[in-house]
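Asks: here is the input, now give the coordinates:
(chains A, B, C and D)
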2 protein chains.
Amino acid sequence: MTADMEIPAPRRTRIQQEKRELILEAALEVFSTNGFRGSTIDQIAEAAGMSKPNLLYYFRRKEDIHETLMQRLLDTWLAPLRELDDIGDPLTELRSYIRRKLEMARDFPRESRLFANEILQGAPRIMPMLEGELKTLVDEKAAVIKGWMRAGKIAPTDPWHLIFSIWATTQHYADFDVQVRAVLGPDRGGDGRFEDAARFLEQLFIDGLKPKS
Amino acid sequence: MTADMEIPAPRRTRIQQEKRELILEAALEVFSTNGFRGSTIDQIAEAAGMSKPNLLYYFRRKEDIHETLMQRLLDTWLAPLRELDDIGDPLTELRSYIRRKLEMARDFPRESRLFANEILQGAPRIMPMLEGELKTLVDEKAAVIKGWMRAGKIAPTDPWHLIFSIWATTQHYADFDVQVRAVLGPDRGGDGRFEDAARFLEQLFIDGLKPKS
DNA sequence: CAAATTTTTGACCGATTGGACAAACGTTAG
DNA sequence: CTAACGTTTGTCCAATCGGTCAAAAATTTG
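Replies: Residues are numbered from 1 along each chain as shown, chains lettered A, B, ... in the order given. Take a look at the predicted model:
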C-alpha cells in the first residue's frame, strides 16, 4: 500500500514469540501512560524484566515496538463497529454497539489511551489508516444507518456524527478515567461506574433528555 | 493548601509581562501538540522567537511554564459549566451549555488538547484540583440538574454521567479533530463540521434516536 | 561430550535534553 | 557621559536518551 509491508520474519523459537509478547505487554503499559516520546526503552525493559540491550535484541528500534503495538490495536479496536450489522432491530443493534464499545473502554483502557495519545499528537503514524481503512469502514456503516433512517426505524440525523458521539462517550470512560473517578468520588467512582454509564448512555441515545409527559 | 502558593512576584515591566505572554502562547502551541515530555524548551523558545537562555530568564524551569499554563486554563475551561444556571428553561439551559462547550472546542482546541494530555497521563499535576474544585462544581451543578428532573422538566437520569457525556462529545471535536476530519473527508470535513456537530448533538441530547412516529 | 547457535549483558557512544553562568548588550536615569 | 539596571546570548555541563558492539552465558544441535 503506502509503504512496503513489514517483512514477515519467521519468528523462530516459541520462546522468541513469548519474549516479544512480554515486551509488547510492557510497552503497552508504558506507552499508554507516558505517550511515545515520554516513554523510554529503559522503562519498557524494566517493566518487561529484562535489560535494555536484551530488549533491543527482539525489537531493533523503539519505533518498531510502537508500530507493532499500533497495528494490533487497530484490528481489535474496530471490531465492534465491524460487527454493526444490518440484520436485527436498528435500535437494538445500536444499543449493543454502544455496550460493546463501553466494555472495551472498561476492559482495555490502555489500548484506548494508546490510541488517544496517537490521535492527540496528530496521528503522525496512522494517518493513512484513518483516511483509508477507517474512513471506508465508517462510510460503509454510515450508509447502513442512513438506510435505517430512511426506513423510519430511527430518527433522521447525521450518521457520521452519531458514530463520533458513540466513540466519544464510551472512550471517555477509558481516556478520562482519572477525571471520572475524581469527580464521582470514592462512593460512586468504584466498579459500578461502568454500569451507571451503560444505563445512562442507553437512555441518552434512545430517548434523549426530553421528559416523557 | 497542598503546597506553598507561588510567590506573587511583582511583574515589573510591562515588557516583561508581554514576553511572558509570548512564551505562554508559544508553549501552548508546543505542549498541546507534543505533550509535556515530548516538548523541549528549545522548541518553545524558537516558537516564541527567542533563545533558550532568554526564555529561561522569564521562566526558570520548563515545569513553571506548564504550571502557569495549566492554572490559567482551568479557569476558562470551567467557565461554561459555571454559567449553567437554574434560571430559565432547563432544556434551553442545557442546550446552551452544549453549544458553549462546542464553541470552546472550536475556538480553543489547543487548550482542550493540553487538558486532555494532562488527564491522559493520569493528571499528575492537577489531581488535587480535580478532586477539589472540579468535583465541588460538578456536584453543585448535578444538584441543579437533579432539581430539574424532580420537577419533571427533563427526563430523570444520572446528572454526573450527563455532564460527562457533554464533555466527551464536545471535546471530541478538539481532541480527536484529526480523526474527525480524516473520516469526514475533504468535502464534509471543512469548517461546516462544527455546525453539523451542533445540530446533531442538540437532537441527540434532546430527543435521542427513537423515531417520532 | 563438543560445536554451533541463540540469548543476555556490561560497557560504551554520540545526540539531545534541561538548566547554569558569566559576559555582552541595551536602556534608562542622574 | 556614566553608572545602574534589565535583557540577551554563547558557552558550557551533567544527565538522559536511543542505540551499538563484542564478549560472556545459555541453549540447542550433532
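Asks: make it CA atoms for all contacts and neighbour counts henceforth
Replies: OK.
Asks: in which helix or strand does A:Arg99 reside?
Replies: helix A:90-107 (DSSP states H and E).
Asks: DNA strand C contacts on chain A?
Replies: Counting by Cα under 7 Å from any atom of the strand, chain A comes close to DNA strand C at A:Thr13, A:Ile15, A:Gln16, A:Lys19, A:Met50, A:Ser51, A:Lys52, A:Pro53, A:Asn54, A:Leu55, A:Tyr57.
Asks: what secondary structure does the second one sit in?
Replies: Yep, that's A:Ile15 we're talking about. Of the three states, A:Ile15 takes helix under DSSP: H, G, I helix; E, B strand; the rest coil.
Asks: now do A:Pro8, the pLDDT please.
Replies: As summarised for this prediction, A:Pro8 has a pLDDT of 46.
Asks: looking at the residues of chain A next to DNA strand C, spot the one nearest DNA strand D.
Replies: Minimum separation from DNA strand D among these (Cα to the nearest atom of the strand) is found for A:Pro53, which lies at 4.7 Å.
Asks: residues contacting the residue of chain A found nearest chain B?
Replies: Ranked by Cα to the nearest Cα, the top residue of chain A for proximity to chain B is A:Gly208, at 3.8 Å. Counting by Cα atoms under 8 Å, 6 or more residues apart in numbering or on different chains, A:Gly208 touches B:Ala155, B:Gln203, B:Leu204, B:Phe205, B:Ile206, B:Asp207, B:Gly208, B:Leu209.
Asks: give the contact list for the fifth one.
Replies: Listed by Cα under 8 Å, 6+ apart, the contact set of B:Ile206 reads A:Asp207, A:Gly208, A:Leu209, A:Lys210, B:Leu91.
Asks: do the same with A:His161
Replies: B:Asp196, B:Ala197, B:Phe200.
Asks: what helix or strand is the last one on?
Replies: Going back to what we said before, that points to B:Phe200. When secondary structure is defined using DSSP H and E, the element that contains B:Phe200 is helix B:193-207.
Asks: from DNA strand D, how far out is A:Ile206?
Replies: Distance check for A:Ile206 against DNA strand D: by Cα to the nearest atom of the strand, to the nearest Å, it reads 46 Å.
Asks: I meant to write A:Leu56 there.
Replies: 6 Å.
Asks: what helix or strand is that residue located in?
Replies: A:Leu56 is part of helix A:52-58, with elements assigned from DSSP H and E.
Asks: show the subsequent helix or strand relative to that helix.
Replies: Using DSSP H and E, the helix or strand that follows helix A:52-58 towards the C-terminus is helix A:62-83.
Asks: identify each buried residue in that following helix, please.
Replies: Of the residues in helix A:62-83, those buried by neighbour count under the rule 16 or more other Cα atoms under 10 Å in any protein chain shown are A:Lys62, A:Ile65, A:His66, A:Leu69, A:Met70, A:Leu74, A:Trp77, A:Pro80, A:Leu81.
Asks: got a list of what the second one touches?
Replies: Read it as A:Ile65. Taking Cα under 8 Å, 6+ apart as the contact definition, A:Ile65 lies against A:Leu24, A:Ala27, A:Phe59.
Asks: and the contacts of stretch A:68-83?
Replies: Applying Cα under 8 Å, 6+ apart, the external contacts of stretch A:68-83 come out as A:Leu24, A:Leu28, A:Tyr97, A:Arg100, A:Lys101, A:Glu111, A:Phe115, A:Leu137, A:Lys141.
Asks: most neighbours out of the residues you listed, which is it?
Replies: Neighbour counts for those were taken using other Cα atoms under 10 Å in any protein chain shown; the highest belongs to A:Glu111, which has 25 neighbours.
Asks: check that residue and give its pLDDT.
Replies: Residue-level pLDDT assigned to A:Glu111 equals 97.
Asks: can you name the next helix or strand after the helix or strand that contains it?
Replies: Per DSSP H and E: A:Glu111 is located in helix A:109-120. Counting by DSSP H and E, the next helix or strand C-terminal to helix A:109-120 is helix A:127-129.
Asks: and the next helix or strand past that following helix?
Replies: Sequence order places helix A:135-150 as the next helix or strand after helix A:127-129, per DSSP H and E.
Asks: which other helices and strands contact that next one?
Replies: helix A:159-175, helix B:177-188 (3 or more Cα pairs under 8 Å, 6 or more residues apart in numbering or on different chains; DSSP states H and E).
Asks: and with 10 Å instead?
Replies: Packing partners of helix A:135-150 (3 or more Cα pairs under 10 Å, 6 or more residues apart in numbering or on different chains; DSSP states H and E): helix A:62-83, helix A:90-107, helix A:127-129, helix A:159-175, helix B:177-188.
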